[in-house]
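Student: have a look; sequence and predicted model below, questions after that.
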Amino acid sequence: LAGLVLTLVACSPQAPAPQAAQPAADILKPPPFSLDALPPDVRAAVDKARAAETAALAKAESARAMKAKGTSTPGIAVIEQVVEGIYEGPALMARYEGEVQGGVYEGLGVLTLPDSAISQAGEFRGGLMNGSGVERSVEGRPLYEGGWRDAGREGLGVEWTADGAVAQAGLWKDSSLAPK
């Protein structure tokens, strides 16, 4: 048996399709929603927004759990705004879960707007997003992460494309990227 060479041949009805070379730009492309390409100050603002979102989601979970048990804790609530006459039957226009004061969104929470197909999680003051937070599509994709004032984009932040690339990043004023 010395000197015997064994050759294995795989047989299939079709030869495998040739693999196209991956373009160098795709290899170097950062993963979706990566902060790597952002300036350090914007990256810090997004990290702060993500931390506020995480804390807000925990408050929202507490609010949902209390509602499910039929219990309550002062300062935490689930508020649903339902309107009649826009559609056939009642329509849920907004759902807020989190910290409240005097029936107003105040503190950490999550606001879901079904008609707009978005949710906002983070810091609320006076019933509006104020501070740091994240706006997501109903599918969960980040749309904007950063600073907010009176429900508008304000301060440092990043807007994302559908595939997770940076659309715009920097200093925001009145919900628009401020000129440099």
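Tutor: Noted; the coordinates are in hand.

Student: contacts and neighbour counts: CA atoms only from here.
Tutor: OK.

Student: quick one: terminal-to-terminal distance for stretch 66-82?
Tutor: Start-to-end span of stretch 66-82 (Cα to Cα, to the nearest Å) is 21 Å.

Student: chain center to that stretch: distance?
Tutor: With Cα atoms, centre = their mean, to the nearest Å as the basis, stretch 66-82 stands 23 Å off its chain's centre.

Student: which parts of the protein are helices?
Tutor: Read by DSSP state H, the chain holds these helices, from start to end of the chain: 24-28, 40-69.

Student: residues of the longest one that come out buried?
Tutor: Of the residues in helix 40-69, those with enough neighbours to count as buried (16 or more other Cα atoms under 10 Å) are 42-64, 66.

Student: which strands or helices does it pack on?
Tutor: Packing partners of helix 40-69 (3 or more Cα pairs under 8 Å, 6 or more residues apart in numbering; DSSP states H and E): strand 76-87, strand 89-101, strand 104-113, strand 118-125, strand 128-137, strand 142-149, strand 152-160.

Student: what's the mean pLDDT across that helix?
Tutor: Regarding helix 40-69, the rounded mean pLDDT is 96.

Student: could you check the angle strand 118-125 makes with it?
Tutor: 100 degrees (axes from the mean of the first three to the mean of the last three Cα atoms, to 10 degrees).

Student: what's the closest residue to Arg43 other than its chain neighbours sitting at in phi/psi?
Tutor: Of all residues not flanking Arg43 in the chain, Leu35 sits nearest, at 6.0 Å (Cα to Cα, 6 or more residues apart in numbering). Main-chain dihedrals, Leu35, degrees, to the nearest 10: phi -90, psi 0.

Student: Leu35: neighbouring residues, count only.
Tutor: Around Leu35 there are 18 other residues, counting by other Cα atoms under 10 Å.
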